[in-house]
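>>> Task: produce atomic coordinates for the following.
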Amino acid sequence: RGPRKHYSRWNNVGDCEMNNGAWLAVTKVKESKASLKTLAACTAASGTANAGGHATWWGSIIEGKEYGCFVIPDAPDCREAPWSRVNHLGNGRDARANNYTWTLPHFSEPEDKKCVFRMRYNISTDDYDPFNTNSSFNDKPQSGIRSP
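Below you'll find the model as predicted:
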C-alpha cells in the first residue's frame, strides 16, 4: 500500500475502500493535550473542562509517530450578514448598528497561541457607472492606467 499520506485520488470512504485503500479522516485540531497520555484518559476527559472541548485519540499520518490526545475545535459560526443600508457603515434595521459578539477560543494548555482576525468591509458607491465599469478599469501603473 505504501506510506500513509494526507491526500488521495479518492475523496470519499466508499471509493477509497473499493480501490483497496484505507480511509483516514483528517481534521483540524484546536490543541494537543499532552497531559492526557492514554486513550482511556483522553476519552474520559472529552467534553470536560480538563479537555477544553471534544477530545479524541488520534495518530499522525506520518508513519512511526505516536498517538496523542487532541481537542477538536468547535464548528465555526457561519451566518448571513444582517441587512444594511448601502454606504452607511453597517447601520441596520431600526437605525441600529449591526454587530457581532465574538467569543475568543479558550485554550487550556499554557503554551502561547496565535490568532488571526480577518475583517472585510465592502463599500458600494455611485462614483462609477455600475453597468459599464469592470476589472479592466483597475489601476495598472505599468501600462499608465490609473483607476478613476
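>>> Direction included, what does the lowest-mean-pLDDT helix or strand in the chain pair against?
Using mean pLDDT, DSSP states H and E, strand 54-58 stands out as the lowest-scoring helix or strand of the chain, at a mean of 73. Paired neighbours of strand 54-58 in the sheet (DSSP bridges): strand 68-72 (antiparallel).
>>> How far does the least confident helix or strand of the chain sit from its chain's centre?
Mean-position distance between strand 54-58 and its chain equals 18 Å (C-alpha atoms, centre = their mean, to the nearest Å).
>>> Buried residues, it. List them.
Buried residues in strand 54-58, counting neighbours by 16 or more other C-beta atoms under 10 Å, are found at A55, T56, W57, W58. Any C-beta I mention is one placed from the backbone N, CA and C, and that applies to glycine too.
>>> list the contacts for the third one?
Under the criterion of C-beta atoms under 8 Å, 6 or more residues apart in numbering, the contact list for W57 reads L39, C42, T43, Y67, G68, C69, F70.
>>> Residues in a beta bridge with it, which ones?
The partner list for W57 in beta bridges (DSSP bridges) reads C69.
>>> Apart from its neighbours in sequence, what residue is nearest N19?
W10 (6.0 Å; C-beta to C-beta, 6 or more residues apart in numbering).
>>> The one you found and S32, how far apart?
Using C-beta to C-beta, to the nearest Å, W10 is found at 29 Å from S32.
>>> Now do the helices in the chain.
According to DSSP state H, the chain carries its helices in the segments 13-18, 39-45.
>>> Give me the contact list for the shortest one.
By C-beta under 8 Å, 6+ apart, the surrounding residues in contact with helix 13-18 are S8, W10, A22, W23.
>>> same question, the last one
Identification of contacts with helix 39-45 by C-beta under 8 Å, 6+ apart yields K33, L36, A51, A55, T56, W57, Y67, C69.
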